[in-house]
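1. everything below, folded, please.
(chains A and B)
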Protein chains: 2
Amino acid sequence: MTFRVGLLGHGTVGAAFDELLADRAGPIEASTGLRPELTGVLTRSAGDFEDILARSDLIVELIGGLEPAHDYVLRAMRAGKHVVTANKRLLSQHGEELYDTAREAQVQLRFEAAVGGVVPVVRVVHETLAAAHIERVHGIVNGTTNFILSEMTRTGASYDDALREAQRLGYAESDPSDDVSGRDAAAKMAILARLAFGAAVQLDDVPYEGIEQLTSGDIAYARELGLSLKLLGSAERIDGGVAVRVHPAFLYGDHPLASVGGSFNAVTIESPTITEITLSGPGAGGSQTASAVLGDVISAMIPPPTLPAPAIGQPLVTDVESAFYLHLEVEDRPGVLAQVAEILGLQGVSVKSVVQKGLGDDARLEMVVHRVLESKFLAAVELIGRLDFLRSGPRVIRVIEETF
Amino acid sequence: MTFRVGLLGHGTVGAAFDELLADRAGPIEASTGLRPELTGVLTRSAGDFEDILARSDLIVELIGGLEPAHDYVLRAMRAGKHVVTANKRLLSQHGEELYDTAREAQVQLRFEAAVGGVVPVVRVVHETLAAAHIERVHGIVNGTTNFILSEMTRTGASYDDALREAQRLGYAESDPSDDVSGRDAAAKMAILARLAFGAAVQLDDVPYEGIEQLTSGDIAYARELGLSLKLLGSAERIDGGVAVRVHPAFLYGDHPLASVGGSFNAVTIESPTITEITLSGPGAGGSQTASAVLGDVISAMIPPPTLPAPAIGQPLVTDVESAFYLHLEVEDRPGVLAQVAEILGLQGVSVKSVVQKGLGDDARLEMVVHRVLESKFLAAVELIGRLDFLRSGPRVIRVIEETF
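-> Predicted coordinates for the structure are as follows:
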């Protein structure tokens, strides 16, 4: 059986979705019993909306902006088709009309990709937390501004210089005003507030301030007080009402959002029942957004079944590569490090960093070695353990490095 | 319409679930159209399983351990009932039999609460990432050991002392061996590996090392190399196979799991398509686990519909409380701080911390004030802005504090 998907828009995200769908159709069919297939693509120059609609079970809207996306989404739902969209502007300005239409037409309207980049915050707020009364949502929901503030913090650069660097690297558009003014984040917070509190919040209801007025001095001085600067969206219940805002804010170092750097997005959801959950991940790129869109398509296809039968032909691997920390207490005499290094070298173990410290007659040798097969490293340690200048047994602990 | 829930077990989590279900039945009915109702509770001394089964649409298993939980869960599914369980031991040792039975009986078997405390990692791996090829899952999935290692790091305490502190605070059981040996984490990683890779991994397949042999010296020395120590579960694809393990590991400071302290759990999911997602939150307490269980019950009740109609009577609040950072460049003369403090005091603004620095004839005054209504603080700043000793306009940035 196939599940027919019509695609509106074929820009960066649309093209990435097209590719990802083709790539994942097999695994999706294996786990759901339905094979998703693209039935048509509407671009500015090609394709016919009515024709694509008639041949689809679900429409993916990746045109962006208000019109004609607004019209297409409404018509698709009224024709009984599910809709998946990444269009935060559309949702934050015409949300109630769209949600009403979805309810009336009894179709699914899904929009994970509209908020939080690859971070599945829509799903988590909407589904998992149906069980909890959410009190507050805090979010770093704009990757461009988080990148700029991270650069200002890291290098002491001015706002203007950091913005130029962001533009050079593709994190900011040539006209960055929607991002740096806080308006993009405000649209996302309006959507999150609707999800978290059921409050009919629209973009125009959300006061926002941007980052254009911030200086590297603001960041540097406040660091003395243990504060780090973010463009923060907040949505919270206050006295039976709801407050939704976007503004620069300092966070104390122990706040779960304080360490979210670069172009990452992150959201913290607070509730008395659950205390808090934090989700973080890269802000939207083409393939990340496409992946969030495809996740929505799969969810709309079929309620998640119980686990499929396990895959076969996947052996369990036990001897794996890892970086290691090695700590030796040794007699402080010439040639000790050389002997240790030689044994490591013979097993193909390459040293990344070493600290050697004298302790009277003894010395402490600490090193981190590059990734190597565990069996090889442990063979080297076995040999090192027999050296006569060792004061106590070697201590070995694995070291995990980021691979992306 | 009601949705009938039978509860097996009434310990800490069972009692919390019972209470939460009663508390949330109204909101759940409002959003799904179905009202969940408890039809019976089975404890060691009361209740009859067959009777509860006959009167339920779904069974919540919170007995724990292998038998009789195993028998009850199988019988429930074979009778066509959905099952929600928090039983990681059962899933990691009899998972395939249970998943097979769920598929054959065409019922849902959900187990969000079995892994990751309140962190919705099962949901995110299973649903969102259906669209992505997962390469690796790293997890801090045992709150007890993370608390002990955090204490050793924070205070320099020995393993034994930190364990005793964890026991005193209720984070470790009187017999902590299942946690500190790494076995509990291994069970959870077996479940995550099954979800992420479709590999039929069981607890017995997962090599694990615990934290009993770690010393405060290991932690202190390695900090010099920028490393922090965690008990890490990992599940990854290697050369067409799958490797799943639990062991102590050092993380570099920029790893998303490096800053996860206390009894928190966190999981990082890596995939070329999405780069990485990190989820973090408190490890399981009674109400947190109950909330994860209830989330599963709601998901099993009904596929998530489109958003319900918005709630009414929730005014948008715009004047909210916040802590603030205030930066003033002032003439360095006696009485300046006093005048500023007086204005703040008159508006009910209370100062939390101040840094004053001389700069030749001028001084820089930085302060953080406690939470106060924005309107009051801005009124004070307006007055301060008129003071004649000010060298430039006041700079004001909000400060966010953790509220839990």
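
2. can you point me to the longest helix in chain A?
-> Within chain A, and with DSSP state H defining each element, the longest helix by residue count is helix A:12-32.

3. tell me which residues in that helix are buried?
-> Of the residues in helix A:12-32, those with enough neighbours to count as buried (16 or more other CB atoms under 10 Å in any protein chain shown) are A:13-18, A:20-21, A:24-25, A:27-29, A:31-32. Where you see a C-beta, it was placed from the backbone N, CA and C, and this is true even at glycine.

4. quick one: the strands in the stretch 151-300 of chain A?
-> Secondary structure of the stretch 151-300 of chain A, counting by DSSP state E, counting those that start in this stretch: strands at A:227-238, A:241-252, A:264-271, A:275-282.

5. let's test this: mean pLDDT of the second one, rounded?
-> When you say that, I think you mean strand A:241-252. In this model, strand A:241-252 has an average pLDDT of 90.

6. and that strand with chain B, contact?
-> Yes: Strand A:241-252 lies within reach of chain B by CB under 8 Å from any CB of the partner chain, at A:241-245, A:247-252.

7. who does that strand touch, helix- and strand-wise?
-> The contact analysis (3 or more CB pairs under 8 Å, 6 or more residues apart in numbering or on different chains; DSSP states H and E) places strand A:241-252 against helix A:183-197, strand A:227-238, strand B:395-400.

8. circling back to that earlier point, a markdown table please, covering the strands of the stretch 151-300 of chain A and showing mean neighbour count and distance to B:G116.
-> Formatted as a markdown table, the entries for the strands of the stretch 151-300 of chain A read as follows, by neighbours: other CB atoms under 10 Å in any protein chain shown; distance: least, CB to CB, whole Å:
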| stretch | mean neighbour count | distance to B:G116 |
| --- | --- | --- |
| strand A:227-238 | 24 | 24 |
| strand A:241-252 | 23 | 24 |
| strand A:264-271 | 25 | 15 |
| strand A:275-282 | 24 | 10 |
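
9. can you check which of those strands gets nearest to B:D100?
-> When these are ranked by proximity to B:D100, the top entry is strand A:275-282, at 31.6 Å, counting by CB to CB.

10. who are the contact partners of the residue nearest to A:V121 when sequence neighbours are not counted?
-> Here the nearest residue to A:V121 in space, its sequence neighbours aside, is A:V267; by CB to CB, 6 or more residues apart in numbering or on different chains that works out to 4.6 Å. A:V267 sits next to A:116, A:119, A:121, A:137-141, A:192, A:278-280 when contact means CB atoms under 8 Å, 6 or more residues apart in numbering or on different chains.

11. quick check: which of the buried residues of helix A:12-32 are also close to chain B?
-> Under the cut-off given by CB under 8 Å from any CB, chain B has A:20, A:24, A:27-28, A:31-32 from the buried residues of helix A:12-32 close to it.

12. closest one to B:P68 out of the residues you listed, please.
-> Closest to B:P68 out of these is A:S31 (31.5 Å), distances taken as CB to CB.

13. that closest one and B:G198, how far apart?
-> A:S31 sits 8 Å away from B:G198, going by CB to CB, to the nearest Å.

14. same thing with A:Q356?
-> Here A:Q356 is placed at a distance of 47 Å from B:G198 (CB to CB).

15. those two - which one has more neighbours?
-> Set A:Q356 next to B:G198 and count neighbours by other CB atoms under 10 Å in any protein chain shown: B:G198 wins out with 19 against 14.

16. what pLDDT is listed against the more buried one?
-> As predicted, B:G198 sits at a pLDDT of 84.

17. centre-most residue in chain A?
-> When chain A is reduced to its mean C-alpha position, the nearest residue by CA atoms, centre = their mean turns out to be A:G281, at 2.0 Å.

18. who's in contact with that residue?
-> Contact analysis of A:G281 by CB under 8 Å, 6+ apart lists A:116-119, A:264-266, A:288, B:274-278.

19. if we can go back for a sec, closest one to B:R168 among the strands of the stretch 151-300 of chain A?
-> Among the strands of the stretch 151-300 of chain A, the nearest to B:R168 by CB to CB is strand A:275-282 (20.6 Å).

20. distance of the nearest residue to A:L346 once chain neighbours are set aside from A:R398?
-> The spatially closest residue to A:L346, leaving aside those adjacent along the chain, is A:A380, at 7.5 Å (CB to CB, 6+ apart). A:A380 sits 15 Å away from A:R398, taking CB to CB as the criterion.

21. more neighbours: these two, which one.
-> Neighbours were tallied for A:A380 and for A:R398 using other CB under 10 Å; the higher tally belongs to A:A380 (24 against 20).

22. OK, contacts around the more buried one?
-> Shown in contact with A:A380 (CB under 8 Å, 6+ apart): A:343-344, A:346-347, A:349.

23. if we go to 6 Å?
-> Residues touching A:A380, when contacts are defined by CB atoms under 6 Å, 6 or more residues apart in numbering or on different chains, comprise A:343-344, A:347, A:349.

24. quick one: classify it as helix, strand or coil.
-> When states are read from DSSP: H, G, I helix; E, B strand; the rest coil, the local structure at A:A380 comes out as helix.

25. tell me how far it lies from chain B.
-> 18 Å (CB to the nearest CB, to the nearest Å).

26. for A:G295, see how far away that residue is.
-> Relative to A:G295, A:A380 is positioned 44 Å away (criterion: CB to CB).

27. likewise for A:T101?
-> For A:T101, the distance to A:G295 - CB to CB - is 22 Å.

28. neighbour count: these two, which is higher?
-> Shown here are A:T101 and A:G295; by other CB under 10 Å, A:G295 has more neighbours (25 against 20).

29. what's the per-residue pLDDT of the more buried one here?
-> Model confidence at A:G295 (pLDDT) stands at 89.

30. so it touches B:A132, yeah?
-> No: with contact taken as CB atoms under 6 Å, A:G295 and B:A132 are classed as non-touching, separated by 7.8 Å.

31. coming back round to it: of all the helices and strands packed on strand A:241-252, which lies closest to B:D204?
-> When these are ranked by proximity to B:D204, the top entry is helix A:183-197, at 41.5 Å, counting by CB to CB.

32. next, the angle from that closest one to strand A:241-252.
-> Taking axes from the mean of the first three to the mean of the last three CA atoms, to 10 degrees, one finds helix A:183-197 and strand A:241-252 inclined to each other by 120 degrees.

33. on the three-state scheme, the closest residue in space to A:Q288 that isn't next to it in sequence is what?
-> Nearest in space to A:Q288, with sequence neighbours left out and distances taken as CB to CB, 6+ apart, is A:V118 at 4.0 Å. Classification of A:V118 into helix, strand or coil gives coil, according to three-state DSSP.

34. low-confidence stretches in the stretch 201-350 of chain A?
-> Along the stretch 201-350 of chain A, segments meeting pLDDT under 70 span A:303-313.

35. and the helices in it?
-> Using DSSP state H, counting those that start in this stretch, the helices of the stretch 201-350 of chain A run over residues A:216-223, A:286-301, A:336-346.

36. repeat that for the stretch 1-150 of chain A.
-> Listed in chain order, the helices of the stretch 1-150 of chain A (DSSP H, counting those that start in this stretch) span residues A:12-32, A:49-54, A:69-78, A:88-105, A:121-126, A:143-155.

37. which strands or helices does the fifth one pack on?
-> To tie it back to what came earlier, the one meant is helix A:121-126. Based on contacts counted as 3 or more CB pairs under 6 Å, 6 or more residues apart in numbering or on different chains; DSSP states H and E, the elements that helix A:121-126 packs against are helix A:183-197.
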